[in-house]
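Participant: structure, please.
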Amino acid sequence: MVGGASLLAASAEKPRAAKPAEMLVREFFATLTAEQKAAMVLPWAHGAEKGGIPTRLKTHNAAPLGKKLGEQFTKPQQDLIRTTFKAILSGEDAYERISRKGTWDSSGAFEGNGVAIFGDPSGKDSFSWVFAGHHLTLRCDGNSQPNTAFGGPMYYGHSANGHSEANVYNYQTTQVMSVFEMLNAKQQKQAVVVGDPGDGAAALKPKLVQQPPVGVGYAELDASQQALVTGVMRTLISPFRKEDGDEVMQLIKTNGGMEKVRLAFYKENAEKGNDRWDYWRLEGPGFVWNYRVLPHVHCFVNVVGQA
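Facilitator: Below is the predicted model of the structure:
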């Protein structure tokens with residue numbers, strides 16, 4: 001397996017905010033009025049009281065608690081939220097892409113997104129700062145959620161067709177397609193799966209043991225093919241801050257390494273040409289990167305360590 005440090009070289013190329021995001025979350029929390037706290041701060045275990053999924057771990061397609069940034073925060077607070085958001089990314093290029101070139105999809109503007117806090121970031125207690133809007137859910141939690149990359153499931157997308165250059169994530173589609181094109185005929189047949197792996201929460205259930213194996217395995221590829229898959233991993237984690245990318249690679253290593261990861265291309269019917277697949281999916285023990293290409297990009301990510 002290629003070392004985690006080399007895989008993550010691209011994630012450290014751009015400078016980010018001087019202060020860690022966790023420190024910025026604490027600064028933001030200290031500015032909240034009692035009314036603001038009542039509206040957007042919830043207990044750490046909210047939603048899990050009866051065995052359900054904690055609200056802090058859910059993905060969203062709009063402001064997480066229904067109220068937009070522009071509706072409840074002052075301009076200085078919004079500026080601090082933006083700085084915090086940038087601090088969980090690798091730099092300005094990543095911010096430009098994640099914001100969909102400043103359009104934020106149907107959120108319309110930065111102010112159309114929302115944030116929520118779970119727990120108490122003011123001291124040493126567990127907390128999670130969740131930023132969400134249309135086609136977006138990202139977190140900062142100071143590693144409060146153990147053995148979990150990005151603080152929980154991550155979601156990003158764009159309303160443009162994933163095969164179109166107008167889609168800000170088309171570079172991911174293109175790079176994964178280059179891997180497919182480098183597979184030999186037998187490997188391509190193995191890699192293509194007719195069906196639908198699921199979208200949203202249905203796609204975010206990484207298996208510690210996958211039975212039966214789906215797609216083509218990293219361990220089955222030759223050195224040049226493995227290098228391309230390594231490049232895909234580097235590309236996928238490059239928009240996010242280095243410490244989150246490091247955690248992704250450490251969890252993959254803990255769960256058996258890249259040798260356990262498989263790559264599959266899904267088509268909803270068998271007639272489509274190989275260049276018009278609907279999903280691609282990287283999956284291994286405790287690891288899912290599920291990328292829907294058509295009709296537009298939805299990408300759901302979940303990376304967890306073995307219990």
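
Participant: helix or strand next in line after the longest helix along the chain, which one?
Facilitator: Ranked by residue count under DSSP state H, the longest helix found in the chain is helix 223-237. Next helix or strand after helix 223-237 toward the C-terminus (DSSP states H and E): helix 242-254.

Participant: what angle sits between the longest helix of the chain and helix 242-254?
Facilitator: 140 degrees (axes from the mean of the first three to the mean of the last three C-alpha atoms, to 10 degrees).

Participant: which stretches of this protein form strands?
Facilitator: 41-42, 114-119, 127-133, 136-140, 154-158, 192-194, 216-217, 262-267, 279-284, 287-292, 297-303 (DSSP state E).

Participant: what are the contacting residues of the last one?
Facilitator: Counting by C-beta atoms under 8 Å, 6 or more residues apart in numbering, strand 297-303 makes contact with 59, 135, 148-150, 152-158, 160, 162, 167, 169, 172-173, 199-201, 203-206, 247-248, 251-252, 286-292, all of which sit outside it. The C-beta positions use only the backbone N, C-alpha and C, and glycine is treated the same way.

Participant: do you know how far the residue nearest to residue 101 when sequence neighbours are not counted is from residue 258?
Facilitator: Distances taken as C-beta to C-beta, 6 or more residues apart in numbering place residue 168 nearest to residue 101, at 6.5 Å, with adjacent residues excluded. Plainly put, residue 168 is 27 Å away from residue 258 if you go by C-beta to C-beta, to the nearest Å.

Participant: now swap in residue 198 and tell me
Facilitator: 23 Å.

Participant: and for residue 202?
Facilitator: Residue 202 is 25 Å from residue 258, by C-beta to C-beta.

Participant: who has more neighbours, those two?
Facilitator: For residue 202 versus residue 258, neighbours defined as other C-beta atoms under 10 Å are more numerous around residue 258 (22 against 11).

Participant: the more buried one is in contact with residue 234, isn't it?
Facilitator: No: taking contacts as C-beta atoms under 8 Å, residue 258 lies outside contact range of residue 234: 11.8 Å.
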